[in-house]
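Visitor: Just need the structure, nothing else, for what follows:
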Amino acid sequence: ANIYREPKLAEFTDNIVLFLLILAVAWLMFNLVDVIDAALRRVSEKTDTKLDDQLVPLVRKSLRIFLVVVFTLFVAQNVFGLDITGWLAGLGIAGLAVSLAAQDSVKNLFGSLTVLFDKPFTLGDWIVTEGIEGTVEEVGFRSTRIRTFYNSLITLPNANLINAAVDNFGRRKYRRWKTYISVQYDTTPEQLIAFTEGIRELVRTHPYTRKDYFQVWCHEFGPSSLNILLYVFHQVPDWSTELRERERLFIDIVRLADKLGIQFAFPTQTIHLYQEEHKPYQSRLESPQSMTERRAMVNGIRAAQEIIKDQPWRNSPPGPVEFRQGPTDLKLDEHGNPVIDKES
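Guide: Below is the predicted model:
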């Protein structure tokens, strides 16, 4: 039997059913965007370039905005019976008004396009711009989020990046280390030559140092020391690895100084008392011969090679620094002494 319904009530119930159906489809499509986003992320993780890592969040946001606009217009026309052709025709005038009112948003959009195509930085890069220093976490339509080294999150409008200078530390091929090594004034010239040449040999054989350019020289006479310039570069993937390799070179230099009998200097003052009668000065240094400097250099190289010959990185260069959770599992023998694991 046919059930009679009032025309208005029938139209109202049909619109409710249609609205719920559209809402269900919209919710399904909206959640499908998350599935697409997860699939794109898995693909981007397998590639070396970071451009796709920046595009994935933008694609997710673009799809969601597109779905909201489409389903809103669909509901307006099919559920509420509104004529959206007039709306679309009025978008030209409304777009002009909106563009005038949203100039900053348009600038931010062009700023995000500049970041994507000009690529002054990518996700994970360590940058400094406009007094802000940190690691890039996300690049969006309106802003870029930077995680500072004190772990706060700074949101930088993309419009600022169009004309801003960006210092990208993440793009460095080499990381410079410049320091001075101070030794005592009673160090002999032969010891200085052996020490500087030994340091050069350490740099030449170090697993992460730049080999085609470095400077190690006796540089200046300090107030209480002879200062040796150490100017080297490390080719490492991150800051933690840089610090570890600095430490490796630092410790080998200390071992080299001990092997050559060289003492490091510290700030001191020497008071000389004047004597009217004093003995004639006698030089404690012998005049250099034709092979004096060469023998000193050979001694330094041999000392450096002896220090590094049995170090484990000679056979297997170390990888980047890995942070592990504690406590560290220490292997002990039956007497309680630590057991050295040769594979670690």
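
Visitor: Please identify the buried residues of the helix or strand hosting Ala24?
Guide: Secondary structure from DSSP states H and E places Ala24 in helix 7-45. Neighbour-count burial for helix 7-45, counted by 16 or more other Cβ atoms under 10 Å, picks out Ala26, Val33, Asp37, Leu40, Ser44. In this view, the C-beta of every residue, glycine as well, is placed from N, C-alpha and C.

Visitor: Make a markdown table from those and add distance to Leu153 and pLDDT to it.
Guide: Formatted as a markdown table, the buried residues of helix 7-45 follow (distance: Cβ to Cβ, whole Å; pLDDT from 0 to 100):
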| residue | distance to Leu153 | pLDDT |
| --- | --- | --- |
| Ala26 | 32 | 81 |
| Val33 | 24 | 80 |
| Asp37 | 21 | 78 |
| Leu40 | 24 | 74 |
| Ser44 | 22 | 70 |
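
Visitor: Would you check which pair of these lies furthest apart?
Guide: Maximum pairwise distance among those (Cβ to Cβ): 26.9 Å, between Ala26 and Ser44.

Visitor: count of residues packed around Phe195?
Guide: Phe195 has 29 neighbouring residues, counting by other Cβ atoms under 10 Å.

Visitor: Phi, psi for it please.
Guide: Summarising the backbone geometry of Phe195 under the convention degrees, to the nearest 10, its torsions are phi -70, psi -50.

Visitor: how far away is it from Lys61?
Guide: Computed with Cβ to Cβ, to the nearest Å, the distance linking Phe195 and Lys61 is 59 Å.

Visitor: Quickly find the element holding the closest residue to Arg210 other than its chain neighbours.
Guide: If you skip the residues right next to it in sequence, Arg210 has Phe233 as its closest partner in space, 3.9 Å away by Cβ to Cβ, 6 or more residues apart in numbering. The secondary structure element spanning Phe233 is strand 226-234 (assigned by DSSP H and E).

Visitor: So which elements touch whichever helix or strand comes after that strand?
Guide: Moving toward the C-terminus from strand 226-234, the next helix or strand (DSSP H and E) is helix 239-260. Applying 3 or more Cβ pairs under 8 Å, 6 or more residues apart in numbering; DSSP states H and E, one finds that helix 239-260 makes contact with strand 175-183, helix 189-205, strand 226-234, helix 292-308.

Visitor: And these, which one averages the lowest pLDDT?
Guide: Note on these: lowest mean pLDDT is at helix 292-308, with a mean of 91.

Visitor: which secondary structure elements does it contact?
Guide: Identification of packing neighbours for helix 292-308 by 3+ Cβ pairs under 8 Å, 6+ apart yields helix 189-205, helix 239-260.

Visitor: For Asn78, which of these is the nearest?
Guide: Nearest to Asn78 among the helices and strands packed on helix 292-308 is helix 239-260 (57.3 Å), distances taken as Cβ to Cβ.

Visitor: quick one: contacts of that closest one?
Guide: The list of residues contacting helix 239-260 from outside it, by Cβ atoms under 8 Å, 6 or more residues apart in numbering, reads 126, 175, 177, 181, 183, 191, 194-195, 198-199, 202-203, 206-209, 230, 232, 234, 236, 263-264, 299-300, 303-304, 306-308, 313, 318, 320-321, 323.
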